[in-house]
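Undergrad: I'll drop the sequence and a predicted model, then ask my questions.
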Amino acid sequence: MVRRANFANPAAQDDARERPFDVRLLNITASVLFGAAALIGAVGVVTWLVRQPVFDVRAIRVEGDVTRNSVSTIRTNALPHLIGNYFSLDLAEGQRAFQNVPWVRQAVVRRVWPNRLSVALEEHRAAALWSMEEGSDRLVNTFGEVFQANIGDVEDEGLPTLQGPEGTAPLVLSAYHRLSPVFQRLELRIQTLAMSGRGSWRAGFDNGAEVELGRGTEDELVARTERFVGTVGQVIARYQRPLVFADLRHNQGYALRLKGITTTTQAAAAGAPAARN
């Protein structure tokens, strides 16, 4: 038996071993290229598809509060700011467009397949007027938020006027709600309630009377007012005159000024007609 020796070139053997890897690499590269081409083609098709007129927004359904504005008015105000179609419309921008409509507090915008929008609205509910330093009054809603709208659209002519530093509307509205029922025991309705920049409070009433409430937290104001209302009725009944002014900033009591009454108290002698409890 004759054995044949293999005298093949070692370099050739190395090439033979490397050739399958090159083939695999070539296949992988081709697959990647074909995949990329397919992806680019798919993106192009999708881009072309979403730009078709069938996806243009053709209808907007408005739900919720539409007391202050008609549906047509809301659409007219918001539509110019809606850019894009069903796919490309920025819902956050759409929300801002509807919330810029007068009296709209909040808007929730949703897509409805294939070319519609659904908008749920919540309107402001005016709770008070907000007096601005520059003279252009605004409105305060039931959440204590200051908003701008046509004050002439408010049917309630008995809204109180509130005032305070910027950002204090929720605090002033809350104080109004707590103080109002206390003063109503004297048949006084708060018409104005103001907090100064230094935190001092002053209330004005529908009969022209005014009360200096002083400084303090909301609870302290209410407690001070409770003490005042609990005793001032006796003083008013004694003199049979309506209240003109009261100052609750005294530690041991309060100063009073009643219509047509000049007292002989120390406060009156100092030039401020008053009765002090």
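TA: Noted; the coordinates are in hand.
Undergrad: Give me the number of neighbouring residues for Leu256.
TA: Neighbourhood size, Leu256 [other C-beta atoms under 10 Å]: 26. All C-beta spots, glycine's among them, are computed from the backbone N, C-alpha and C.
Undergrad: hmm, I was thinking of Phe245
TA: Neighbours around Phe245, by other C-beta under 10 Å: 17.
Undergrad: show me the residues around the closest residue in space to Gln148 that isn't next to it in sequence that make contact.
TA: Distances taken as C-beta to C-beta, 6 or more residues apart in numbering place Arg138 nearest to Gln148, at 5.3 Å, with adjacent residues excluded. The contact partners of Arg138, by C-beta atoms under 8 Å, 6 or more residues apart in numbering, come to 129-130, 132, 146-149.
Undergrad: So which of the residues you listed is the closest to Ile236?
TA: Checking the contacts of Arg138 against Ile236 with C-beta to C-beta, the nearest one is Leu129 at 29.1 Å.
Undergrad: Report the buried residues of the host helix or strand of Leu117.
TA: Element membership for Leu117, per DSSP states H and E: strand 116-123. Residues 117, 119, 121, 123 are the ones in strand 116-123 that count as buried (16 or more other C-beta atoms under 10 Å).
Undergrad: cool, and stretch 248-259?
TA: Under the neighbour-count criterion of 16+ other C-beta under 10 Å, stretch 248-259 has 248, 254-258 buried.
Undergrad: picking that back up, and the next helix or strand past the strand holding Leu117?
TA: Taking DSSP H and E, what comes next after strand 116-123 is strand 126-130.
Undergrad: So for the following helix or strand past that following strand, mean pLDDT?
TA: Downstream of strand 126-130, the next assigned helix or strand under DSSP H and E is strand 138-141. Averaging pLDDT along strand 138-141 gives 96.
Undergrad: following strand 138-141, which helix or strand comes up?
TA: Scanning forward in sequence from strand 138-141 by DSSP H and E, the next helix or strand is strand 146-147.
Undergrad: mind listing what that next one pairs with, with the direction of each?
TA: strand 138-141 (antiparallel) (DSSP bridges).
Undergrad: so where's this structure uncertain?
TA: For the chain, the stretches flagged by pLDDT under 70 are 1-26, 30, 33-54, 262-277.
Undergrad: Quickly list the domain ranges of it.
TA: 55-123, 126-276 (automatic domain parsing).
Undergrad: now those domains as JSON lines including distance to Asn27?
TA: Shown next, in JSON lines, are those (distance: least, C-beta to C-beta, whole Å):
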{"stretch": "domain 55-123", "distance to Asn27": "37"}
{"stretch": "domain 126-276", "distance to Asn27": "65"}
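Undergrad: and Ile28, which of those domains is closest to it?
TA: Relative to Ile28, the nearest member of the domains of the chain by C-beta to C-beta is domain 55-123, separated by 34.4 Å.
Undergrad: residues in contact with the residue nearest to Leu186 when sequence neighbours are not counted?
TA: Among residues not flanking Leu186 along the chain, Val229 sits closest, at 5.9 Å (C-beta to C-beta, 6+ apart). Val229 makes contact with 182-183, 185-186, according to C-beta under 8 Å, 6+ apart.
Undergrad: returning to what we had before: show me the beta-bridge partners of the residue nearest to Gln148.
TA: In this structure, Arg138 has the following beta-bridge partners (DSSP bridges): Trp130.
Undergrad: all numbers from here: first residue = 647
TA: In the new count, where the first residue is 647, that last one comes out as Arg784.
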